[in-house]
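> Attaching a predicted model along with its sequence, questions to come.
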Amino acid sequence: MSHDPELPPLPPDIAALLDDARAVPEAPRDARRQVAARLAATTGLAVSAATVSGAQAAMLPLKVLALVSVVSVGVAFGVRARPTPAPPTPHTAVTHRAPRLVTAPAPVDPVVPVAPVVPVAPPPRTRTVPAPRPMEAPRDTLVDELPLIDDAQRALARGDGATCLDAVRAHQQHFTAGSLSPERDALRVQCLALSGDLRAAESARARFHQRHPGSVLGAAVDRAVTTAPR
Amino acid sequence: MRKPGALAQQPGVTTHVFDAAPSVDAAPFDLAAVYAREFDWVWHSLRRLGVAPRNLPDVTHDVFVVVHRRASTWDRTRPLRPWLFGIAWRVARDHLALHRNRRESVDDALDPPDSAPSPDQRLERARALDLVHTALQTLDLDRRAVFILHDLDEQPMREIADALDVPLKTLYARLKVAREQFTAEVRRLRLQRGERL
């Protein structure tokens, strides 16, 4: 240990103990994967299990914050982008969408050639919800949960409260206690506030704080209700 | 003007992460690479700061959300870890204040030993870790932070002062008291456990 001249040396037994405790043990792999998936959902950044396994991360192309910021979270943004009487024009969020490295679970038929898809039209309002799966292992459901949360965030960002609520309800139905349930419950409040259903938004906000005390999403949830037009 | 590398001194830093759009720096901040490289260290630092194992996934997630939002405040000429620790410390402080779970049971504090060393070494190491964790929990969080960063992570005091946004003299005073308290607690625990001093 480097010695700071302004500090007296530690007693030998304490210095030896600290030497023993200095190494950083590896965190549980499941936790690393789970946090990565939640982080991807929260920030819109492509931080997935695949990108965080040791040396592979160094091979990743740099991710430009300007690109992902357009679709990151969409919490405050979504609420501010309240729909005007005229229907909103197709939003840049469609074309600026951050790459999602966590892939959807639905297998792609290897026989059918898959052409690169350029998103020229708004995404369909309905989506096929993955079949319900057992909830015993959170990491098994994360990839299934993410598309629904993504849908809700995109709908919120473009001011589409109805679609946002559809995605939130679908997530609730299939992943009641899913790993992304804090994000879902926060989105529910924001969607309800966006839709003008303030009584339901207030109620959902109270439930959110009850279920997720101290959540980092709490401030955004509060803001969604307090800044909603009365 | 804020010092480079220093974080905003606001108690609710974790609750403001969505307030502003992330600022765009000249060079991109590669969150994925930082996550890959520093996840274990952040996780373990939060444990040392007193976050219970059951809460580590949530709190670690919150730390990286703040890292993402605050990426532009990192001074690239300075080491990353003190800056990361500054964020982890603030997030942990808010978490602990909210949950009022500064103290944990011994069972909670004991981390699973890693698998590489022999059983005797694992046991020895688990005991050392447990002892350090338990003694750390008796320190005030501010003192704990400087003790962890300096005496366990071996960061220079000047970097710690910058990362925690605390005057250098104050830090030295905190570390001095932290060392005395930690030493006394370790020896008390060893006596209690029937270990030799």
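Okay, I see it.

> Assign a three-state SS to the residue in chain B that chain A sits nearest to, would you?
Taking Cβ to the nearest Cβ, chain A has its nearest neighbour within chain B at residue B:36, 3.0 Å off. Glycine gets a C-beta too; all of them are placed from N, C-alpha and C. Applying DSSP: H, G, I helix; E, B strand; the rest coil to residue B:36 yields a three-state assignment of helix.

> Report how many residues lie close to it.
22 (other Cβ atoms under 10 Å in any protein chain shown).

> With just CA atoms, put stretch B:66-82 into CSV.
What follows is stretch B:66-82, C-alpha atoms only, in CSV (Å, rounded to 0.1, in the frame of the first residue of the first chain):
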residue,chain,number,x,y,z
VAL,B,66,-26.3,8.4,-12.6
VAL,B,67,-23.0,7.5,-14.2
HIS,B,68,-24.8,7.7,-17.6
ARG,B,69,-26.4,11.0,-16.8
ARG,B,70,-23.2,12.5,-15.3
ALA,B,71,-20.8,11.3,-17.8
SER,B,72,-19.8,14.7,-18.9
THR,B,73,-18.6,15.7,-15.4
TRP,B,74,-15.8,13.1,-15.5
ASP,B,75,-12.5,14.8,-16.1
ARG,B,76,-10.8,12.5,-18.5
THR,B,77,-7.4,13.5,-17.1
ARG,B,78,-8.2,12.0,-13.7
PRO,B,79,-8.6,8.4,-12.7
LEU,B,80,-12.1,7.0,-13.2
ARG,B,81,-12.6,5.1,-9.9
PRO,B,82,-12.6,8.0,-7.5
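
> Quick check: mean pLDDT of it?
Here stretch B:66-82 scores 88 as its mean pLDDT.

> Now do the helices in the chain.
You didn't say which chain, so I picked chain A. Assigned by DSSP state H, the helices in chain A fall at A:12-21, A:29-43, A:65-69, A:75-80, A:92-95, A:138-157, A:161-174, A:181-195, A:198-211, A:218-226.

> Chain B was what I was after
Along chain B, the stretches classed as helices by DSSP H are B:31-49, B:56-69, B:80-99, B:106-109, B:119-136, B:141-147, B:157-164, B:168-192.

> between the ones you listed, which gets the lowest average pLDDT?
In terms of average pLDDT, helix B:106-109 trails the rest of these, at a mean of 44.

> about what we covered before: just put the helices of chain A in a markdown table and tack on mean pLDDT and distance to chain B.
Formatted as a markdown table, these follow (pLDDT from 0 to 100; distance: least, Cβ to the nearest Cβ, whole Å):
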| stretch | mean pLDDT | distance to chain B |
| --- | --- | --- |
| helix A:12-21 | 89 | 4 |
| helix A:29-43 | 85 | 5 |
| helix A:65-69 | 33 | 5 |
| helix A:75-80 | 40 | 5 |
| helix A:92-95 | 32 | 13 |
| helix A:138-157 | 72 | 9 |
| helix A:161-174 | 86 | 17 |
| helix A:181-195 | 87 | 8 |
| helix A:198-211 | 88 | 11 |
| helix A:218-226 | 85 | 4 |
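
> Show me the residue at the heart of chain B, geometrically.
For chain B, the residue nearest the mean C-alpha position is residue B:45 (3.7 Å; Cα atoms, centre = their mean).

> these two touch, right, residue B:78 and residue B:162?
Yes: applying Cβ atoms under 8 Å, one finds residue B:78 in contact with residue B:162, separated by 6.9 Å.

> Please say which of those two ends up with more neighbours.
residue B:162 (22 against 15).

> Please name the nearest non-neighbouring residue to residue B:158.
Excluding the flanking residues, the one nearest residue B:158 by Cβ to Cβ, 6 or more residues apart in numbering or on different chains is residue B:168, at 6.7 Å.

> can you pull the contacts of the one you found?
Counting by Cβ atoms under 8 Å, 6 or more residues apart in numbering or on different chains, residue B:168 touches B:157, B:158, B:161.

> Buried ones among those residues?
Among those, the ones that count as buried by 16 or more other Cβ atoms under 10 Å in any protein chain shown are B:157, B:161.

> Save the contacts of residue B:168 as CSV, and put in distance to residue B:189 too.
CSV is the format used below for these (distance: Cβ to Cβ, whole Å):
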residue, distance to residue B:189
B:157, 27
B:158, 32
B:161, 30
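
> and which of the contacts of residue B:168 is nearest residue A:26?
In terms of Cβ to Cβ, no member of the contacts of residue B:168 lies closer to residue A:26 than residue B:157, at 28.6 Å.
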